[in-house]
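A.B. asks: okay, here's the prediction I keep looking at, along with the sequence it came from:
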Amino acid sequence: MFENLSEKLQRSFKTLRGQGTITEENISDAMREIRLALLESDVNLEVVKDLVEHIRVKAMGTQVTTALSPSEQIVKIVHDELVTLLGKDIAKFRTASQPPSVVLMAGLQGSGKTTTSAKLAQWLKKGGHRPMLVSVDVYRPAARAQLAVVAKSTGVNLYEGKLDESVQNGTPEVLRLAKEAKKEAANFGCDILIVDTAGRLGIDAVLMDEMAELKKLLNPSEILFVADAMTGQDAVNSAKAFNDLLTITGAILTKMDGDARGGAALSIRQVTGAPIKFLGTGEKPDAFEPFHPDRIVSRIMG
Ligand code: GDP
């Protein structure tokens, strides 16, 4: 049967009871368990090394008290370190001082970017905002149509715009559409414009240049990287690539209703320095929630 990290730690500390001090020798089994559990949870190797070292330093010399067993003390140290790494507080959604605020959605194709754009719009609407959605994916008509369908089903404003058939679709068209949408949002009294961008199967230079141009044009208050939690280390690598170019303001982990252990959250946070802001927990528009560091840590530790 699946044994979670807390249980593994309890087991590796069975021999250490009563009063005493946690030492290098009696902690080595526990450190191995922590290392394995973090790797199994999809935490990036470099992040694991750092974390384990922090935990080891904290744990060593800890006095074993009668109030907590050694394993409970280690579980607490690991828990606190993970929460610290993720940022203790729920990261705020940022808006611009002058509406409309722009949210630029970034990520690879299939990560859940379009679904998440609509979910975010609905969440903002529930919070009293007046969002508008636009898809600037001029390369895939199906992507624009998909956003139109979800916008309609959730009753969120959508700027459809018209593609100019006399020009070849490309970055100039993307920028034109984005600019028009921002103007339309302002005219329509919408305070937040969510821009769903074109995704590619991998990081490619054209996509990245286009994202950089969009950032320059729109001056977004949020650049949110959408990552499929099920893709583990790949999500971490693309988060890094997007962050190097765009300096993302946050990440959204989708498909957390699957069996992903959540380690990608730790790694993305550590590798980009940006907070995880939301989680996607299903295909429906309301399967979406602000990210709570504590919950993901519980998921990793069991
Ligand atoms: P995009 O290519 O990045 O725009 O991705 P889509 O928004 O089209 O999503 C790709 C697939 O993932 C679709 O089938 C979505 O229904 C699904 N999806 C998106 N977010 C979630 C989620 O949080 N949970 C689950 N189970 N599926 C999701």
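C.D. replies: Looks like it arrived, so ask away.
A.B. asks: ok, the nearest residue to residue 44 once chain neighbours are set aside - contacts?
C.D. replies: Distances taken as CB to CB, 6 or more residues apart in numbering place residue 267 nearest to residue 44, at 3.8 Å, with adjacent residues excluded. In short, each C-beta sits where N, CA and C put it, glycine included. By CB atoms under 8 Å, 6 or more residues apart in numbering, the contact set of residue 267 is 42, 43, 44, 47, 233, 236.
A.B. asks: show the pLDDT at residue 66.
C.D. replies: Per-residue confidence (pLDDT) for residue 66: 62.
A.B. asks: which bits of the stretch 51-200 of the chain sit near the ligand?
C.D. replies: Selection of the stretch 51-200 of the chain residues close to the ligand by CB under 6 Å from any ligand atom yields 107, 109, 110, 111, 112, 113, 114, 115, 199.
A.B. asks: contacts only, for the first one.
C.D. replies: Residues counted as contacts of residue 107 (CB under 8 Å, 6+ apart) are 113, 199, 225, 226, 227, 238, 242.
A.B. asks: now, the residues you listed that are in strands?
C.D. replies: 225, 226, 227 (DSSP state E).
A.B. asks: quick one: which of the residues you listed is nearest residue 86?
C.D. replies: For the ones in strands among the contacts of residue 107, the residue nearest residue 86 by CB to CB is residue 227; the value is 14.7 Å.
A.B. asks: quick one, what contacts the closest one?
C.D. replies: 107, 111, 235, 238, 239, 251, 252, 253, 254, 264, 268.
A.B. asks: re earlier: and which of the contacts of residue 107 is nearest to the ligand?
C.D. replies: Proximity of the contacts of residue 107 to the ligand (CB to the nearest ligand atom) peaks at residue 113, which lies at 3.4 Å.
A.B. asks: confidence score at that closest one?
C.D. replies: At residue 113, pLDDT is 97.
A.B. asks: wait, it touches residue 199, no?
C.D. replies: Yes - when contacts are counted by CB atoms under 8 Å, residue 113 is listed as touching residue 199 (5.6 Å).
A.B. asks: what's the first helix or strand after the helix or strand of the chain with the lowest mean pLDDT?
C.D. replies: Every helix and strand in the chain was compared by mean pLDDT, DSSP states H and E; the lowest is strand 20-21, with a mean of 64. As assigned by DSSP states H and E, the chain's next helix or strand after strand 20-21 is helix 24-40.
A.B. asks: who's in contact with the helix or strand harbouring residue 294?
C.D. replies: Counting by DSSP H and E, the element that carries residue 294 is helix 293-301. Contacts to helix 293-301, defined as CB under 8 Å, 6+ apart, come from residues 4-6, 37-38, 41, 43, 75, 78-79, 82-83, 86-90, 261-263, 265-266, 276.
A.B. asks: count of neighbours near the residue lying closest to residue 91 once chain neighbours are set aside?
C.D. replies: Using CB to CB, 6+ apart and skipping residues adjacent in sequence, the residue nearest residue 91 is residue 275, 3.6 Å away. Using other CB atoms under 10 Å as the criterion, residue 275 is surrounded by 20 other residues.
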